[in-house]
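Asker: how does the following fold in three dimensions:
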Amino acid sequence: MTRLSLRALTLTALVLLTGCASSMQSSGAPPPTTLEKIQASKTITLGYRESSVPFSYVDSNKQPIGYSVDLCNAVVDDLRRELKLPDLQSKWVPVTVENRVTAVLNGTVDLECGSTTNTLSRQEQVDFSLTTFITGASLLAMPGTDASGDLSGIRIAVIPGTTTETIIRDVINRAGASSRAQIVAVKDHADGLAALVNKTADVYASDRAILIGLAMASPDPRQFALLDRFLSYEPYGLMLRRGDPAFRLSVNRALARLYRSGDVLHVYARWFGQWGPPSAITVGMYAIEGLPE
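Answerer: The predicted structure is shown next:
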């Protein structure tokens, strides 16, 4: 083989190797970030719950409303300015307790605007925004119901897959064989209230703020009694995908501005004003999470 033909063969091999490398890089290119996806489609997809009053539910026209929905709308307003997309559209997608994490994982929704508790086990799969609300698991019942002590002999309605279910099972397990408490699975908050009215359960267990909202939104709030029991600490956050720090920063920047400015108090008053001013814990949360720019 001549020196000229050897050089030509070497150049050909280099070209082929370069082409293969380029092909591998293009096929293994990382997926677009959430902000890139939003910029390309001019749409952000938001998940909402249908009956998580007063955080995320639907009005008479089946449109999503609530405290968490308002916070997400504030995030969208900030993204319009940050991304210079005045025509950015919001696409609302209903999610349930069962599929809300999966909807975030598989990209069905970019941001979940519900009443999801930020837990370490959930952080193994998804990420969370700054804290948006602090509450705790409690019990709703009909007036006169006795659910003191270890809940022995009580029929407890609860949504499977929630942090509240885990808490209730822990209470029952700690009581041991002496407890005859029975868990009644319900699919959503509406079913939980129905279980009380229909007497298929003695108490409905969920986050205290949600229970108050459900009772206040019912035709006759006086038919329910909120028991004086706190069973847990539940910090809420907006749920988003892990490994997307730029989008998480944009969400947190919007929330921090809302907290720092005090505008969040107007959002609070809209959905919780009938219960009086925010508690010291809530005010403290807004102050702590109102991070400086």
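Asker: now do the SS call for residue 184.
Answerer: Judged by DSSP: H, G, I helix; E, B strand; the rest coil, the three-state class of residue 184 is strand.
Asker: isn't it up against residue 198?
Answerer: No: assessed by C-beta atoms under 8 Å, residue 184 is found out of contact with residue 198, at 10.7 Å. C-betas here are computed from N, CA, C, even on glycine.
Asker: more crowded one of those two?
Answerer: residue 184 (17 against 9; other C-beta atoms under 10 Å).
Asker: let me see the contact set for the more buried one.
Answerer: Residue 184 is in contact with 155-158, 195, 200-201, counting by C-beta atoms under 8 Å, 6 or more residues apart in numbering.
Asker: can I get those residues in TSV with secondary structure?
Answerer: Listed next are the contacts of residue 184 as TSV, based on three-state DSSP:
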residue	secondary structure
155	strand
156	strand
157	strand
158	strand
195	helix
200	coil
201	coil
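Asker: and the furthest pair within those?
Answerer: Within those, 158 and 200 form the most distant pair, 12.8 Å apart (C-beta to C-beta).
Asker: quick one: which of those two has more around it?
Answerer: When neighbours are counted by other C-beta under 10 Å, residue 158 and residue 200 differ, and residue 158 comes out ahead with 25 against 13.
Asker: check contacts around the more buried one.
Answerer: Contacts of residue 158 (C-beta under 8 Å, 6+ apart): 164-165, 168, 183-186, 192, 204-206.
Asker: partners of it in the sheet?
Answerer: Going by DSSP bridges, residue 158 is paired in beta bridges with residue 185.
Asker: what helices and strands are in contact with the longest strand seen in the chain?
Answerer: Scanning the chain for the strand with the most residues, using DSSP state E, yields strand 126-135. Secondary-structure packing of strand 126-135 (3 or more C-beta pairs under 8 Å, 6 or more residues apart in numbering; DSSP states H and E): helix 67-82, helix 100-105, helix 208-217, strand 234-241, helix 245-261, helix 280-289.
Asker: and it, which strands flank it?
Answerer: Applying DSSP bridges, you get strand 234-241 (antiparallel) as the partners of strand 126-135.
Asker: CA-only coordinates of the partner strand in CSV, if you can.
Answerer: Taking Å, rounded to 0.1, in the frame of the first residue of the first chain, the C-alpha atoms of strand 234-241 are listed here in CSV:
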residue,chain,number,x,y,z
GLU,A,234,-47.9,18.3,57.2
PRO,A,235,-45.9,20.9,55.1
TYR,A,236,-47.4,21.4,51.7
GLY,A,237,-45.4,22.3,48.5
LEU,A,238,-45.9,22.4,44.8
MET,A,239,-44.6,19.2,43.2
LEU,A,240,-42.2,19.2,40.2
ARG,A,241,-39.7,16.9,38.6
